[in-house]
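Colleague: predicted model, plus sequence, below.
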Amino acid sequence: MAKRPSMISRLRAVLRGASDLPSITIEKVAADLDMSVRVLQKRLQRAGTRFREQLDRERLERASAMLGATSLSLREIAQRLGYADASTLRSSVGPVG
């Protein structure tokens with residue numbers, strides 16, 4: 001019998017597949033995972049994480065990849081990923097360069 005992917009793995013797969021990360025919500029992700037928001041929250045809590053933590057992690061990973069692979073400005077990357085502004089992204093990413 002095949003082992004089921006962990007809740008975090010399943011959540012991360014949904015987040016990675018989201019083309020419009022700024023508009024992603026826990027409600028959309030829960031629906032994609034075929035469960036209620038409350039069940040998703042409880043399962044993430046049991047795994048020691050929260051939806052916001054995983055969403056922030058995905059945003060940072062995308063920002064890092066975009067910084068290294070595109071000529072987009074920090075402001076443009078911040079906008080595409082749903083950060084309030086470039087300074088918010090900068091403080092999340094840490095020193096660049």
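Modeller: Received, thanks.

Colleague: just checking, what packs against the longest helix belonging to the chain?
Modeller: Determined from DSSP state H, the single longest helix within the chain is helix 51-69. Where contact means 3 or more C-beta pairs under 8 Å, 6 or more residues apart in numbering; DSSP states H and E, helix 51-69 is packed against helix 7-17, helix 37-46, helix 74-81, helix 86-93. In this view, the C-beta of every residue, glycine as well, is placed from N, C-alpha and C.

Colleague: so which of these is nearest R57?
Modeller: Relative to R57, the nearest member of the helices and strands packed on helix 51-69 by C-beta to C-beta is helix 7-17, separated by 8.0 Å.

Colleague: against which helices or strands is the closest one packed?
Modeller: Using 3+ C-beta pairs under 8 Å, 6+ apart, helix 7-17 sits against helix 26-32, helix 37-46, helix 51-69.

Colleague: pull the last one out as PDB, backbone CA atoms only.
Modeller: Meaning helix 51-69. Below are the C-alpha coordinates for helix 51-69, written out as PDB (Å, rounded to 0.1, in the frame of the first residue of the first chain):
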ATOM      1  CA  PHE A  51      -1.600  28.100   6.400                       C
ATOM      2  CA  ARG A  52       0.000  31.600   6.500                       C
ATOM      3  CA  GLU A  53       3.400  30.200   7.300                       C
ATOM      4  CA  GLN A  54       3.300  27.900   4.300                       C
ATOM      5  CA  LEU A  55       1.900  30.600   2.000                       C
ATOM      6  CA  ASP A  56       4.700  33.000   3.200                       C
ATOM      7  CA  ARG A  57       7.300  30.200   2.500                       C
ATOM      8  CA  GLU A  58       5.900  29.700  -1.000                       C
ATOM      9  CA  ARG A  59       6.000  33.500  -1.700                       C
ATOM     10  CA  LEU A  60       9.700  33.700  -0.500                       C
ATOM     11  CA  GLU A  61      10.700  30.700  -2.600                       C
ATOM     12  CA  ARG A  62       9.100  32.300  -5.700                       C
ATOM     13  CA  ALA A  63      10.700  35.700  -4.900                       C
ATOM     14  CA  SER A  64      14.100  34.100  -4.500                       C
ATOM     15  CA  ALA A  65      13.700  32.300  -7.800                       C
ATOM     16  CA  MET A  66      12.500  35.400  -9.600                       C
ATOM     17  CA  LEU A  67      15.300  37.500  -8.200                       C
ATOM     18  CA  GLY A  68      17.800  35.000  -9.600                       C
ATOM     19  CA  ALA A  69      16.200  34.300 -13.000                       C
END
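
Colleague: I'm done for today, thanks for sticking with me.
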